[in-house]
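>>> Okay, here's the prediction I keep looking at, along with the sequence it came from:
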Amino acid sequence: MQARMPCAIAVLAASMLATAGPGEAAGTSVRARFSFDAVANCEKPAVQNYPVHAEGTGVLSTDRTATLDMNSNVEGRVRYNAKLGAKPTEAIGGSASLRVAGRHTLQAVRDYPNNSIVVYMTVIGNSCSLRIENRLKPGKRQYTFTGNLGVAYCSKPRIIHTECTPY
């Protein structure tokens, strides 16, 4: 359970990365490799400075579908499929969605009961950048992340490093 909260961050970041890069190349699939590192501190379960690492690849196709293959120290190997601009889809403990946030930027949002993780991925030419924001909802004071083992109650996760490269 201690790993579920960081995994949720990884999943959102990865899915954002996978889908954001494609805005640059019309008419073809766009691919990006990504990785990120984070640190989680949770009250329940009691865990301090839990290191999270995830890496993988994402593909955005001309039919507006996206696929993300990710490997993390929290969930192991996973695959996610999404449709750009579709209504939020149900996910464990909340929902997830992908949106266009600019000419070269895509936005992924993973909603939980107390908070949202918002990932922005921008691809311009051979350059790729990733920004991850953790936001509490109004009136909430603790981040919650839901996984197969239950709910984790945590402070704001710290993103240590992000990297993405179109290929």
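Received it, and whenever you're ready, just let me know what you need.

>>> looking at it, residue 93 is touching residue 152, isn't it?
No. The criterion here is Cβ atoms under 8 Å, and residue 93 misses it with residue 152 at 9.9 Å. C-beta: built from backbone N, CA, C; applies to glycine.

>>> Spell out which residues are contacts of both of those two.
Here residue 93 and residue 152 share the contacting residues 144, 145, 146, scored by Cβ atoms under 8 Å, 6 or more residues apart in numbering.

>>> Please name the bridge partners of the last one.
It stands for residue 146. Counting by DSSP bridges, residue 146 forms beta bridges with residue 151.

>>> so where's the chain uncertain?
The model of the chain has pLDDT under 70 over residues 1-28, 74-76, 147-150.

>>> Apply 80 and report the result again.
1-31, 58, 60, 67-68, 70, 72-82, 90-93, 98-106, 121, 145-150 (pLDDT under 80).

>>> quick one, which of residue 93 and residue 152 is more surrounded?
A direct count of neighbours by other Cβ atoms under 10 Å for residue 93 and residue 152 places residue 152 higher, at 27 against 19.

>>> Quick check: that one vs residue 133, distance?
Look at residue 152 and residue 133: by Cβ to Cβ, to the nearest Å, they are 19 Å apart.

>>> just residue 73 next, same as before
22 Å.

>>> Looking at the two, which is more packed in?
residue 73 (15 against 12).

>>> Tell me if I'm right that that one and residue 40 touch.
No. If you go by Cβ under 8 Å, residue 73 and residue 40 don't touch, sitting 11.5 Å apart.
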